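Enquirer: My questions concern the predicted model and sequence given below.
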Amino acid sequence: MFRRIGIVALYVIVPLCLFFWFNLQVSYKYEVDHQKTFVAIDDKLTPLEKADIYKELSVLEKDIKRQSNFMLLGAAVAFFLATILVMSTTEEP
């Protein structure tokens, strides 16, 4: 009984992780890519100010990529673990 609940829970985790991964990709696009473009085309900023902003964006980029990789890894582990549990389950009378 608990094994089946665990299997279902693991299969539910997979689309949740993928949803969070897509959300992180959107965050990356708007919080990093667009900001880098806006900084690059802004003539009012000095090179020192641009360097500071690029440094902050670099930290944010690393955080988002790390979280994104963690979500993909979590989805893969949950999927493979649930599949292994299904294949090793014996029929109960």
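Expert: Good, I have the coordinates.

Enquirer: Can you give the contact residues for stretch 14-27?
Expert: Stretch 14-27 is contacted by residues I64, Q67, S68, M71, L72, G74, A75, A78, F79, A82 when judged by Cβ atoms under 8 Å, 6 or more residues apart in numbering. Glycine gets a C-beta too; all of them are placed from N, C-alpha and C.

Enquirer: buried stuff in it?
Expert: Within stretch 14-27, the residues that count as buried by 16 or more other Cβ atoms under 10 Å are V14, C17, F20, W21, L24.

Enquirer: Could you do stretch 38-47 as well?
Expert: V39.

Enquirer: where does the protein have low pLDDT?
Expert: Scanning the chain for pLDDT under 70 picks out 90-93.

Enquirer: Spatially central residue in it, please.
Expert: What sits nearest the mean C-alpha location of the chain, by Cα atoms, centre = their mean, is S68, with 2.4 Å.

Enquirer: tell me what the longest helix seen in the chain is packed against?
Expert: In the chain, assigned by DSSP state H, the helix with the most residues is helix 47-88. Counting contacts by 3 or more Cβ pairs under 8 Å, 6 or more residues apart in numbering; DSSP states H and E, helix 47-88 packs against helix 2-28, helix 34-41.

Enquirer: and the ones you listed as JSON lines, adding distance to T89?
Expert: Formatted as JSON lines, the helices and strands packed on helix 47-88 follow (distance: least, Cβ to Cβ, whole Å):
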{"stretch": "helix 2-28", "distance to T89": "7"}
{"stretch": "helix 34-41", "distance to T89": "48"}
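
Enquirer: closest one to L48 among these?
Expert: For the helices and strands packed on helix 47-88, proximity to L48 was assessed by Cβ to Cβ; helix 34-41 is nearest, at 12.3 Å.

Enquirer: residues in contact with that closest one?
Expert: L45, K50, I53, Y54, L57.

Enquirer: Tell me how far the closest residue in space to the second one that isn't next to it in sequence lies from L45.
Expert: Counting by Cβ to Cβ, 6 or more residues apart in numbering, the nearest residue to K50 once its immediate chain neighbours are dropped is V39, at 5.6 Å. Computed as Cβ to Cβ, to the nearest Å, the V39 to L45 distance reads 7 Å.
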